[in-house]
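Trainee: take a look and give me a structure for this.
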Amino acid sequence: MFKLKRQRRVLSVALATVSLTFLSVHHALAITYKSIDLTPSGFGLCHIYGTNSMQQVGECGTWGMSTESHAYLWNGTADSADDLNPLGFTTSAALDTNGMQQVGVGSGAVTGGFEHALLWSGTAESVIDLNPYGFRSSRAQGISGNQQVGYGDSGNGHIHALLWNGTAESCVDLNHWNLSSSWAFSTDGTRQVGFGSGNATNGENHALLWYGSSNTFVDLHPGGFSYSTAQGVSGNQQVGFGIDWSYNAHALLWNGTANSVVDLHPIGFNSSVAEDTNGTQQVGRGSVVPSDNPHALLWNGSAESVIDLHQFLPPEYTASFADAIDAQGNIVGYADYMSDGSSERHAFIWIPVPEPSTCVLLGLGGVGIFICGWRRGWWKG
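Mentor: Okay, here's the model as predicted:
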């Protein structure tokens, strides 16, 4: 009797272990996505570039007036769109958000027609001009916590990666003396990524990783590529793309070193680019053979894990782009379609939706066990 109980206990533990493993895999595969058009009424040209905690940022305008687009802030619906364009600015764009503040760029009479890096706290009136002394133009590309990153033009033909902490005066120049130019695109509050060129890179454009100062930069450039850039960072993950010697773009994933690179380029695509990561998943786009129309893409750390997000859009859309992903897995970007002979570009968010039920068939020792689990209230839709 004791031996039988012990065998049952071992079997139950084994089944629990296996079932948890299978269920976790099944859940990963079972997630689908719901796409929501965030384009406000009256606009035919909208992009979303950043998201955090269900806050989205981007720009809206029209094809005919694309040079006068305005920075916009959303909270999950088209009706929630708020115009962030500050007084005195002709055009602006919001490029990233930490959930409370937004960064981007704007130009107008108050900037002498040059682009200036901008920081908002949810309203047009809250804007802070981050353009640092000694730079005629600048752009803020990323934000995390109290840290903002981007780049500036000092007017001597060289671009410098820049780091801020909320004011123009706080600016830190990330451009190492051994680099002629550099650009920063993203930060996770500790690390910054972008690319640079100069003596340190043999004159080539190389993906770079910084830790808050110019002398901390790490060259991420992998072998087999003529060009590389890092576009997004979260924790130990960095993403971007490289151009191979056949001039094809490949989405790339790093974990802090050049040797850690993972080529995310999926089979069946002509080119691919990774734009952002939440530390676990990666998003970007790829051009599909033979149509060559870009499709928004999602990866889970490997080329084989790719999910084509374009399938979750309405059928009239011919091209799509994924630019950012937040910690909850919400993905933002934009998509193109033809309407009455004219093109429109609409801002979109893709929200993960787990399937309402999971069923797993387990085989152990010749015994098949069928396990089903239901999410509470799934039948309510």
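Trainee: which strands and helices sit next to the helix or strand where residue 34 lies?
Mentor: According to DSSP states H and E, residue 34 maps onto strand 32-37. Strand 32-37 sits against strand 342-353, with contacts defined as 3 or more Cβ pairs under 8 Å, 6 or more residues apart in numbering; DSSP states H and E. For glycine as for every other residue, the C-beta is placed from the backbone atoms N, C-alpha and C.
Trainee: can you list contacts of the strand it packs on?
Mentor: Strand 342-353 is contacted from outside by 31-39, 44-48, 51, 56, 58, 60, 63, 74, 76, 296, 309, 312-313, 317, 320, 322, 328-338, using Cβ atoms under 8 Å, 6 or more residues apart in numbering.
Trainee: show me where the chain has its helices.
Mentor: Along the chain, the segments classed as helices by DSSP state H run 2-30.
Trainee: tell me where the model's unsure across it.
Mentor: For the chain, applying pLDDT under 70 flags the ranges 1-30, 63-67, 339-341, 356-381.
Trainee: identify the residue nearest residue 151 in space, chain neighbours excluded?
Mentor: Closest residue to residue 151 apart from its sequence neighbours, by Cβ to Cβ, 6 or more residues apart in numbering: residue 183 at 4.5 Å.
Trainee: mind checking which of the contacts of strand 342-353 land in strands?
Mentor: 32-37, 45-48, 51, 56, 58, 60, 74, 296, 317, 320, 322, 331-338 (DSSP state E).
Trainee: quick one, which of those are buried?
Mentor: Neighbour-count burial (16 or more other Cβ atoms under 10 Å) is assigned, among these, to 33, 35, 37, 45-48, 51, 56, 58, 60, 74, 296, 317, 320, 322, 331-337.
Trainee: just confirm residue 278 contacts residue 325, I think it does.
Mentor: Yes. With contacts counted by Cβ atoms under 8 Å, residue 278 reaches residue 325, the gap being 4.9 Å.
Trainee: which one's more surrounded, those two?
Mentor: Legend: neighbour count by other Cβ atoms under 10 Å for residue 278 and residue 325, higher for residue 325 (30 against 22).
Trainee: so what pairs up with that one in the strands?
Mentor: residue 331 (DSSP bridges).
Trainee: isn't it right next to residue 331, touching?
Mentor: Yes. Using Cβ under 8 Å, residue 325 is in contact with residue 331, at 4.9 Å.
Trainee: what residues does the strand holding residue 34 touch?
Mentor: Everything outside strand 32-37 that qualifies as a contact, by Cβ under 8 Å, 6+ apart, is 76-78, 309, 312-314, 331, 346-353, 355.
Trainee: return the residues in contact with residue 240.
Mentor: 193, 195, 207, 220, 228-232, 251-252, 254, 273-274.
Trainee: name the nearest residue to it, ignoring sequence neighbours.
Mentor: Among residues not flanking residue 240 along the chain, residue 230 sits closest, at 4.0 Å (Cβ to Cβ, 6+ apart).
Trainee: give the contact list for that neighbour.
Mentor: Neighbouring residues of residue 230 by Cβ under 8 Å, 6+ apart: 185-186, 193-195, 207-209, 220, 238-240, 254.
Trainee: for residue 251, same thing?
Mentor: Counted by Cβ under 8 Å, 6+ apart, residue 251 has contacts 239-241, 263-265, 272-274, 282, 284, 286, 297, 299.
Trainee: JSON lines for those residues, including distance to residue 158?
Mentor: Shown next, in JSON lines, are those (distance: Cβ to Cβ, whole Å):
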{"residue": "239", "distance to residue 158": "26"}
{"residue": "240", "distance to residue 158": "21"}
{"residue": "241", "distance to residue 158": "23"}
{"residue": "263", "distance to residue 158": "31"}
{"residue": "264", "distance to residue 158": "31"}
{"residue": "265", "distance to residue 158": "32"}
{"residue": "272", "distance to residue 158": "30"}
{"residue": "273", "distance to residue 158": "25"}
{"residue": "274", "distance to residue 158": "27"}
{"residue": "282", "distance to residue 158": "31"}
{"residue": "284", "distance to residue 158": "28"}
{"residue": "286", "distance to residue 158": "32"}
{"residue": "297", "distance to residue 158": "34"}
{"residue": "299", "distance to residue 158": "34"}
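Trainee: re earlier: need the residues touching each of residue 325 and residue 331.
Mentor: Common neighbours of residue 325 and residue 331 (Cβ under 8 Å, 6+ apart) are 51, 283, 298.
Trainee: still on that earlier bit, looking at the contacts of residue 240, which has the most residues close by?
Mentor: residue 230 (31 neighbours).
Trainee: still on that earlier bit, where's the residue nearest to residue 240 relative to residue 243, distance?
Mentor: 14 Å (Cβ to Cβ, to the nearest Å).
Trainee: before we move on, the earlier item: bridged to the residue nearest to residue 151, which residues?
Mentor: Taking DSSP bridges as the rule, residue 183 bridges to residue 195.
Trainee: residue 244: what's its closest spatial neighbour, skipping adjacent residues?
Mentor: residue 225 (5.6 Å).
Trainee: ugh, wrong one, residue 297
Mentor: Using Cβ to Cβ, 6+ apart and skipping residues adjacent in sequence, the residue nearest residue 297 is residue 286, 5.1 Å away.
Trainee: could you count how many residues lie near residue 306?
Mentor: Neighbour tally, residue 306, other Cβ under 10 Å: 23.
Trainee: check contacts around the closest residue to it other than its chain neighbours.
Mentor: Using Cβ to Cβ, 6+ apart and skipping residues adjacent in sequence, the residue nearest residue 306 is residue 266, 4.2 Å away. When contacts are counted by Cβ under 8 Å, 6+ apart, residue 266 is found next to 272, 286, 297, 303-304, 306.
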